[in-house]
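My questions are about this predicted structure, shown below with the sequence.
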Amino acid sequence: MKLALLTILASTATAFLAPTTPVIQRISTQINAEDDDETPSEPRTAEEISSLTSSVKTVFSLEDINGILPHRYPFLLVDKVVEYEMGKKAVGVKCVTLNEPHFTGHFPDRPIMPGVLQVEALAQLAGIVCLQMEGAEPGAVFFFAGVDGVKWKKPVVPGDTLVMEVEIKKWNKRFGIATAVGRAYVDGEMAVELDEM
């Protein structure tokens, strides 16, 4: 009886703590890192943290993107464009939130943005560049013809800001075909890269 009760309690505790283990590990790592510092630092304010991105200006807002891409919720995966070079490259942002529908099944106890959606987000960013190039018809729809050399480096989870960059390598305006490369980062660390799409 006691053994069965202990087994039930242990499995319940494991199930309860499993989803929060990464949070506990991050907090523990932060505490240990702070213990290593000789001088304790004051907590930063929201204003200070917000000012870290004050030099990043929005080139295309979500409303602008809606006028360029045909995608809509829940499949529009670019929230804004912050750097843009006409016909060549762009840097865009995707804010990852738990209320996105794919997280209900991928995975309920450990939500991770599916890798194929990360690639799709990069493709949509490339589409923003391509749909404004000479020879592209307004309102045209781009389709994937292929993707090569995809490597995922770290999980992308709710709360992350996925900062993506794409560069157009070839553009055939006669057929409306483009070749591009792309990378995406979270907190300055590469999350995904692809050699060609």
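That came through fine. Residues are numbered from 1 along each chain as shown.

going forward, measure contacts between C-alpha atoms and count neighbours the same way
Noted.

tell me which residues of stretch 118-133 are tucked away?
The neighbour-count check on stretch 118-133 (16 or more other CA atoms under 10 Å) flags 118-131, 133 as buried.

Report the central residue of this structure.
L162 (2.9 Å; CA atoms, centre = their mean).

Can you give me the buried ones in the helix or strand hosting that one?
Using DSSP states H and E, L162 falls within strand 161-172. Residues T161, L162, V163, M164, E165, V166, E167, I168, W171 are the ones in strand 161-172 that count as buried (16+ other CA under 10 Å).

again with stretch 101-113
H102, F103, R110, P111, I112, M113.

List the contacts of the first one.
Under the criterion of CA atoms under 8 Å, 6 or more residues apart in numbering, the neighbours of H102 are M113, P114.

Could you look up the SS state of it?
Look at H102: counting by DSSP: H, G, I helix; E, B strand; the rest coil, its state is helix.

And V82, by the same measure?
Secondary structure state of V82, per three-state DSSP, is strand.

so where's the chain uncertain?
1-38 (pLDDT under 70).

what's the burial count for R183?
R183 has 23 neighbouring residues, counting by other CA atoms under 10 Å.

and the helix or strand hosting it, how far out from the chain's middle?
Using DSSP H and E, R183 falls within strand 177-186. Relative to the chain's own centre, strand 177-186 is displaced by 13 Å; criterion: CA atoms, centre = their mean, to the nearest Å.

contacting residues around it?
By CA under 8 Å, 6+ apart, the list of residues contacting strand 177-186 reads 122, 126, 130, 156, 160-172, 190-197.

As a check, name the ranges of all strands in the protein.
80-85, 89-95, 151-152, 161-172, 177-186, 189-194 (DSSP state E).
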